[in-house]
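*Asks:* Return atomic coordinates for the entry below.
(chains A and B)
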Amino acid sequence: MNFELSQDHKVLQDAVRDFVTREIKPIAMQIDEEHMIPDELVRKMGEMGFLGSYLPDEYGGAGLDMLSYAIVVEEVSKACGSSGVLISAHTSLACGPIYTFGTEEQKKKWLPPLNSGAIIGCFLLTEPDAGSDAGAIATTYRREGDEYVVNGAKIFITNGGYKGTGVLFATSDRSLKHKGVSAFIIDLQTPGVEILKNEKKLGIRGSYTTAFALDDVRIPAENLLGAEGQGFKIAMDTLNGGRIGIASQALGIAEGAFERALAYSKERKQFGAPICDLQAIQFKLADMYARIETSKLMTYKAACLKDSKKSYTMESAMCKMLASEAATYVTKEAIQIHGGYGFICDYEVERMYRDAKITEIYEGTNEVQRVVISKLLLS
Amino acid sequence: MKILVCIKQVPDMESRFKANSQGVWFEETDLAFRMNEYDEYAVEQAVQLKEQLGDAPEVTVLSIGPDRVVEAIKKALAMGCDRGVHVQDPAAATRDPWQIASIIASHAGDKGYDLILTGMQSQDRGSAQVGVTVAEELGYACATTLVGFAFSDGTVTAKRELEGGIKGVVRLRTPALVTCQLGLNVPRYPTLPNIMKAKKKEIQTIAVAELLKEEPLATTVSFHPPARKGGGIVLEGDVGVLVDQLLGILKDKTAVLR
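*Replies:* Next comes the predicted model:
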């Protein structure tokens, strides 16, 4: 058993860190305040290969592995959780299912512009009345000649505001529940696709969270992903892999807050000494670091299992659960260590605290993760 | 055209250093290492020249040290160098500049490199001797501290940084060796696809014993990390008293008022 990153992964980590330090860290606060990731940064992340890291180079990806992808999302999220989730949702939830379930023609057509970052991808599953209960979706489709006609509404769509390429889920018959669900690749510039709003949020404010109305949207029949009725399986499989991305995002947010808290505890003096000399602070640091390391081990393990084509459902649920709960815990304690300064926007840990919370909710709530884990234990 | 870039892997200079058990160099455990900043300018310049000449030159990157220096070589390969040479030497940190230069010259002697680029100095040892010594051993023309570089028809036109912000321009016929300074260029980021491609590039490993025939000329006998900084002095009280206190401190403890 070897817990060291390989030299190749270290080279990658170092390269991503350099980019993040120079290109993302200086504008992370601006991204939060302006509720927008600058197009320039999205373009640069595309050039770096961040938006197709584990997809094969024949489809415009970098051809790296899942562990490399986890490292990219983690390093980016240390500085900016919004940029981290842009990469994660785009790669895991749009590129991922097209690569896994798409035909050769679909992959050749849709993946290269996604992997270069020219087009940003999203995953259209959630609806007002279908969150954790994904089989309850009410968006419908019917076949008309060479097209499918889709009607309904989608909410909370990460990256939706870019109106790029989506993987869309709709049902042919609600009474069939999850068996009636199919998946489609959709160009969100298609007539009938309307953005109702981009939500205002507690955290990850630079990331779009979009509500769509779909009104007689015509999708070419060739855009069906997998077979009809296979949609629920595609959604579940996709979210399974996506959890590694969100675990990496949460891990990065926690590490970013920890780095600041550790540095601050050495600088801040009270009672004539740095506060890190106080056992109350030392214990906090120990608890924070132990949770980060635990989450990191599980996240990297899940990524390595996926890379070696072994079952990773249990580990991806556990890493998502552990890392997101580490993120909310660590960011909360990072503010506490900063005292009043932590509550002020200039010190950034308050942003990380806001960014952390969503990681316990999206890509399957942590309650759903516990269902997944316990089901596997008892099956 | 054949180009050689010599790089060194150095510790993150923000680290807290302590002397090793022999007391002649720093303890490496727990330090993070990366490519010497000045060597990154050398790699970038070599890759830019390769691009300028339509991919024709072959760029070799060389580093001397333990296995970890392969990380720096791989970074250079991901930035665009073609092949790597790792001179395997666990004791590289104890070598003096003469020995390091001799290892490089011994490797380069029969390779016919037209141009050799390296950093003007390393960030850790900082002797600034290796580049010029290699040039001397090989009989190459040499220019140091480059902040500008142009190449055509076998001639390097180099802008050098002189003292006090003055610049000078020198011309060198190849074969030549140049050392690179901050401001020469902005090193590119290794992109993910290029990191992937770099995995397929060849890295030749050579045992140091095959290349090193020289004894050291200057031996480091002791190493002294900077003392931990004190916490500073906070003066409090009446302004008039404060001024006197401050003046007293400036006179006693600094050279400002002498």
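
*Asks:* where do the strands sit along the stretch 201-350 of chain A?
*Replies:* In the stretch 201-350 of chain A, strands defined by DSSP state E, counting those that start in this stretch lie at A:209-220, A:224-225, A:269-270, A:273-274, listed in chain order.

*Asks:* let me redo that: the stretch 151-258 of chain B
*Replies:* Going by DSSP E, counting those that start in this stretch, the stretch 151-258 of chain B shows strands at B:155-161, B:167-173, B:176-180, B:203-207.

*Asks:* residues touching A:A334, list them.
*Replies:* Going by C-beta atoms under 8 Å, 6 or more residues apart in numbering or on different chains, A:A334 touches A:A257, A:F258, A:R260, A:A261, A:M288, A:G342, A:V349, A:M352, A:Y353. C-beta: built from backbone N, CA, C; applies to glycine.

*Asks:* nearest residue to the first one other than its sequence neighbours?
*Replies:* Counting by C-beta to C-beta, 6 or more residues apart in numbering or on different chains, the nearest residue to A:A257 once its immediate chain neighbours are dropped is A:A334, at 3.9 Å.

*Asks:* distance of that neighbour from chain B?
*Replies:* Separation of A:A334 from chain B (C-beta to the nearest C-beta, to the nearest Å) stands at 21 Å.

*Asks:* which one of the contacts of A:A334 is nearest chain B?
*Replies:* A:R260 (15.5 Å; C-beta to the nearest C-beta).

*Asks:* Nearest spatial neighbour of residue 97, chain-adjacent residues omitted?
*Replies:* With no chain named, the answer covers chain A. A:T238 (4.5 Å).

*Asks:* That was the other one, I meant chain B.
*Replies:* The shortest distance from B:P97 to any non-neighbouring residue, by C-beta to C-beta, 6+ apart, is to B:Q129 (3.7 Å).

*Asks:* Counting neighbours, what do you get for that neighbour?
*Replies:* Counted with other C-beta atoms under 10 Å in any protein chain shown, the neighbours of B:Q129 add up to 18.

*Asks:* Stretch A:53-62: which residues count as buried?
*Replies:* A:S53, A:Y54, A:L55, A:Y59, A:G60, A:G61, A:A62 (16 or more other C-beta atoms under 10 Å in any protein chain shown).

*Asks:* what is the mean pLDDT for stretch A:303-319?
*Replies:* Mean pLDDT, stretch A:303-319: 97.

*Asks:* Just the C-alphas of it, formatted as PDB.
*Replies:* Extracted in PDB, the C-alpha atoms of stretch A:303-319 (Å, rounded to 0.1, in the frame of the first residue of the first chain):
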ATOM      1  CA  ALA A 303     -10.900   8.000  -7.800                       C
ATOM      2  CA  CYS A 304      -8.300   5.200  -7.900                       C
ATOM      3  CA  LEU A 305     -11.000   2.500  -7.700                       C
ATOM      4  CA  LYS A 306     -12.700   4.100 -10.700                       C
ATOM      5  CA  ASP A 307      -9.400   4.300 -12.600                       C
ATOM      6  CA  SER A 308      -8.800   0.600 -12.000                       C
ATOM      7  CA  LYS A 309     -12.400  -0.200 -13.200                       C
ATOM      8  CA  LYS A 310     -13.400  -1.600  -9.800                       C
ATOM      9  CA  SER A 311     -16.700  -0.900  -8.100                       C
ATOM     10  CA  TYR A 312     -16.600   2.500  -6.400                       C
ATOM     11  CA  THR A 313     -20.200   3.300  -5.500                       C
ATOM     12  CA  MET A 314     -19.700   2.800  -1.800                       C
ATOM     13  CA  GLU A 315     -16.500   4.900  -1.700                       C
ATOM     14  CA  SER A 316     -17.800   7.700  -3.900                       C
ATOM     15  CA  ALA A 317     -20.800   8.000  -1.500                       C
ATOM     16  CA  MET A 318     -18.500   7.900   1.500                       C
ATOM     17  CA  CYS A 319     -16.000  10.500   0.200                       C
END
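
*Asks:* any bit of it sitting next to chain B?
*Replies:* No: if you take C-beta under 8 Å from any C-beta of the partner chain as the test, stretch A:303-319 misses chain B, and the best it gets is 14.1 Å.
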